[in-house]
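[1] this one's structure only:
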Ligand SMILES: Nc1ncnc2c1ncn2[C@@H]1O[C@H](COP(=O)(O)OP(=O)(O)OP(=O)(O)O)[C@@H](O)[C@H]1O
């Protein structure tokens, strides 16, 4: 890729393609007669933190799977960390991406110790087997667990953790390989109010850390947007409703169009709240 190549894909303004961690150009995904997403243009720069927001079935997970090199487009082009899907080895690409999803959580053995859940990410395995971990890896895993506020759970089996503790352990795992991009699929799903607020605060600290990787978080709820997130992609029925800077994009009008309801959007400090207007 040429060093000074520029693109207007997604944002509508020019960016240096070398700063892009994700670039989607006219992307559609189809399965039989179903369109999962249609004609998506989207790009994410190195220092950006994106929230992908939309109702059930809007195509959020599909977009995240494309970004995670877990799925190929039917038409259009997807570049992830400078590599074009379809002409790169995704097995070399995936370790550069930290992915946290319910699908991954369900594959984690219940008896696995939390420390090993994190450290085994370095070997791209689910479930510790015979790998020989370096002391430095174990120390890094413990530091990441500390960063997520669950250092004291390192010796507990994963299956004994609460939902919120599991989510935090999996985010620590996703960060273990020092990824160039972090993808979080509904990290606050299933958490109680305290668990959600704890997670939002942790993700906010991560988002505000200039050394943290580019981040994309999928959610249904504006209440789950951590302060420090900079951009939003709003999806409905597989298409883009709006995208760009969070403050510009997250309006009552856009949110109402995205969810197909007349919504009232409120902002308190750096947090958003939405209710239906009756
Ligand atoms: N393999 C498939 N075959 C047919 N349709 C599919 C397939 N996978 C997903 N879909 C459909 O594509 C649409 C988008 O799915 P996707 O999982 O991306 O939505 P989502 O926004 O993540 O939804 P949710 O919030 O409910 O998780 C949905 O209508 C879904 O039923």
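    Everything's here; your move. Worth saying up front: this structure is predicted, and the values here are computed from it rather than measured. Numbering: from 1, shown residues only.

[2] spell out which parts of the stretch 51-200 of the chain neighbour the ligand.
    Taking Cβ under 6 Å from any ligand atom as the test, the list of the stretch 51-200 of the chain residues beside the ligand reads 54, 56, 57, 58, 59, 60, 61, 62. (Each C-beta comes from the backbone N, C-alpha and C, glycine too.)

[3] for the closest residue to residue 80 other than its chain neighbours, give its distance to the ligand.
    Excluding the flanking residues, the one nearest residue 80 by Cβ to Cβ, 6 or more residues apart in numbering is residue 69, at 5.2 Å. Residue 69 sits 16 Å away from the ligand, taking Cβ to the nearest ligand atom, to the nearest Å as the criterion.

[4] and residue 23, by the same measure?
    19 Å.

[5] end-to-end on stretch 209-218?
    19 Å (Cα to Cα, to the nearest Å).

[6] ok, it near the ligand or not?
    No - applying Cβ under 6 Å from any ligand atom, one finds that stretch 209-218 is not in contact with the ligand, the shortest distance being 6.7 Å.

[7] list the buried residues for that stretch?
    Residues of stretch 209-218 classed as buried under the neighbour-count rule (16 or more other Cβ atoms under 10 Å) are 212, 213, 214, 215, 216, 217, 218.

[8] how about these, which pair is most distant?
    When the buried residues of stretch 209-218 are compared pair by pair using Cβ to Cβ, the farthest-apart members prove to be 212 and 218, with a separation of 17.5 Å.

[9] hmm, back to that, restricted to strands, list the buried residues of stretch 209-218.
    With strands identified by DSSP state E, the entries of the buried residues of stretch 209-218 that belong to them are 214, 215, 216, 217, 218.

[10] tell me the one among those residues nearest to the ligand.
    For the ligand, the nearest member of these is residue 218. The distance, counting by Cβ to the nearest ligand atom, is 6.7 Å.

[11] and residue 67, how many neighbours?
    Residue 67 is flanked by 28 other residues according to other Cβ atoms under 10 Å.

[12] gap between the nearest residue to it once chain neighbours are set aside and the ligand?
    Counting by Cβ to Cβ, 6+ apart, residue 67 lies nearest to residue 22, which is 5.0 Å off, once chain neighbours are set aside. Spatial separation of residue 22 from the ligand under the definition Cβ to the nearest ligand atom is 16 Å.

[13] okay, and residue 22 sits in which element?
    For residue 22, the host element (DSSP states H and E) is strand 20-31.

[14] and the strands in the stretch 51-200 of the chain?
    Assigned strands in the stretch 51-200 of the chain, in chain order: 75-80, 83-84, 97-100, 181-185 (criterion: DSSP state E, counting those that start in this stretch).

[15] re earlier: quick one: list the elements packing against the strand holding residue 22.
    Helices and strands in packing contact with strand 20-31 are listed as strand 34-45, helix 60-67, strand 75-80, strand 214-219; criterion 3 or more Cβ pairs under 8 Å, 6 or more residues apart in numbering; DSSP states H and E.

[16] repeat that for 6 Å
    Contact analysis of strand 20-31 by 3 or more Cβ pairs under 6 Å, 6 or more residues apart in numbering; DSSP states H and E lists strand 34-45, strand 75-80 as its packing neighbours.

[17] flag every buried residue along the shortest one.
    It refers to strand 75-80. Of the residues in strand 75-80, those buried under the neighbour-count criterion (16+ other Cβ under 10 Å) are 76, 78, 79, 80.

[18] burial count for the nearest residue to the second one once chain neighbours are set aside?
    Of all residues not flanking residue 78 in the chain, residue 85 sits nearest, at 4.4 Å (Cβ to Cβ, 6+ apart). Residue 85 is surrounded by 20 other residues when neighbours are defined as other Cβ under 10 Å.

[19] surely residue 85 is in contact with residue 74?
    No - shown here, residue 85 and residue 74 do not form a contact pair, counting by Cβ atoms under 6 Å, at 11.6 Å.

[20] before we move on, back to that, adding distance to residue 266 and mean pLDDT, write the helices and strands packed on strand 20-31 out as JSON lines.
    Compiled in JSON lines, the helices and strands packed on strand 20-31 are given as follows (distance: least, Cβ to Cβ, whole Å; pLDDT from 0 to 100):
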{"stretch": "strand 34-45", "distance to residue 266": "27", "mean pLDDT": "96"}
{"stretch": "strand 75-80", "distance to residue 266": "36", "mean pLDDT": "97"}
